[in-house]
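Enquirer: Structure for this input, please:
(one chain, ligands or ions: 1)
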Amino acid sequence: MAALASLAVFVFTFSSSAITPARAAEALPLHKSHEAFGYENDTTGPANWATLQKEWAICGDGKRQSPIDINKVEPQKSKTPLMLTYKPGAATMQNRGHDFMLKWKDGNGKLTIEGKEYTLQQVHWHEPSEHTINGTRFEAEMHMVHEDPSKARAVLSVLFSTKAGLPSKLLTEMGPYFKNLAGKENGEEQVKQPVDPTTWLDKTSGYYRYDGSLTTPPCTEGVIWTIMSKIADASKEQIDVFKSVTKRVEPNARPAQKLYDRIVRFYEA
Ligand SMILES: [Zn+2]
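Expert: Okay, the predicted model is just below:
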């Protein structure tokens, strides 16, 4: 009886994977990377990321890690407005297991920092926020990830608060995609209209800038962080959608990292 039962299981597994081989192959690396690290206070949690893979050691011993708590800042005398040239572009929304990610097909959005051009690749959301201000954690944080031709990264971040109870225009726009992909790990959906992030940023906001890292393994350093100083509005319902990314409710925010000798610069609008 036991042998028969295990044979039946084997046949079932084999035939279901045989039906969708292409899909399974595409989904596998994403699934694997999600399972490799987590946010709980356990063996795969943030405190242990450095020990999970050799290439992730910097998560533990790096001196320029992100996120950080923004408290002491150095106000800059000269005005340096953000140089953004974003355009509408075709994009897909993905459920990466630990977050939702909107990915543009072609790099038509650019952020210029000190004469260097970084192309907008993708946007994803953390719930609650990873960066904190004077110890205050906000309900969510959006990361707009840019890359230059040498693969150097610059991330533009927006913090969201539900305090005012006002909905976010961009989260309303993306709402139907978050809902469709809720709980569907590795799910992907084409966004119907070209997505233009120009209006996603408050032009009357100043920003903080510091030298940091990716906030997920491999925690690679050399990332230029720009954090909008004005907190954006979102409704509670919009934040709750982020909790639906997996069936397991798991906040996806890494705790604040030590600043060491770094300086956080503040640029007024
Ligand atoms: Zn992020």
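Enquirer: so which strand or helix has W225?
Expert: Assessed by DSSP states H and E, W225 sits inside strand 221-228.
Enquirer: for the helix or strand just after that strand, what is the average pLDDT?
Expert: Scanning forward in sequence from strand 221-228 by DSSP H and E, the next helix or strand is strand 232-233. Mean per-residue pLDDT for strand 232-233: 98.
Enquirer: quick one: strands adjacent to strand 232-233?
Expert: If you go by DSSP bridges, strand 232-233 pairs up with strand 153-161 (parallel).
Enquirer: If we go by neighbour counts, what in stretch 238-246 is buried?
Expert: Q238, I239, V241, F242, S244, V245, T246 (16 or more other CB atoms under 10 Å). Every C-beta, even on glycine, is put in place using the N, C-alpha and C of the backbone.
Enquirer: Then stretch 61-74?
Expert: G62, R64, Q65, S66, P67, I68, D69, I70, V73.
Enquirer: The fifth one and T215 touch, don't they?
Expert: Translated: P67. Yes - contact criterion CB atoms under 8 Å: P67 and T215 qualify, at 5.5 Å.
Enquirer: shared neighbours of these two, anything?
Expert: When contacts are counted by CB atoms under 8 Å, 6 or more residues apart in numbering, P67 and T215 are jointly contacted by E130, R254.
Enquirer: tell me the mean pLDDT for the longest strand seen in the chain?
Expert: Taking DSSP state E as the criterion, the chain has its longest strand at strand 116-126. Predicted confidence along strand 116-126 averages 95 (mean pLDDT).
Enquirer: neighbouring contacts of that strand?
Expert: Contacts for strand 116-126 (CB under 8 Å, 6+ apart): 86, 96, 99-104, 107-112, 140-148, 152-154, 197, 215, 224, 242, 252-253.
Enquirer: Please apply the same query to stretch 50-63.
Expert: Residues outside stretch 50-63 that contact it (CB under 8 Å, 6+ apart): 36-37, 44, 46, 49, 65, 213, 217-221, 257-258, 260-261.
Enquirer: Just the buried ones among those residues, please.
Expert: For the contacts of stretch 50-63, buried by 16+ other CB under 10 Å: F37, T44, P46, W49, Q65, S213, P217, P218, C219, T220, E221, Q257.
Enquirer: Make sure the first one is actually in contact with T43.
Expert: No - using CB under 8 Å, F37 and T43 do not qualify as a contacting pair, with a distance of 10.2 Å.
Enquirer: Might you list the low-confidence residue ranges for the chain?
Expert: The model of the chain has pLDDT under 70 over residues 1-35, 247-249.
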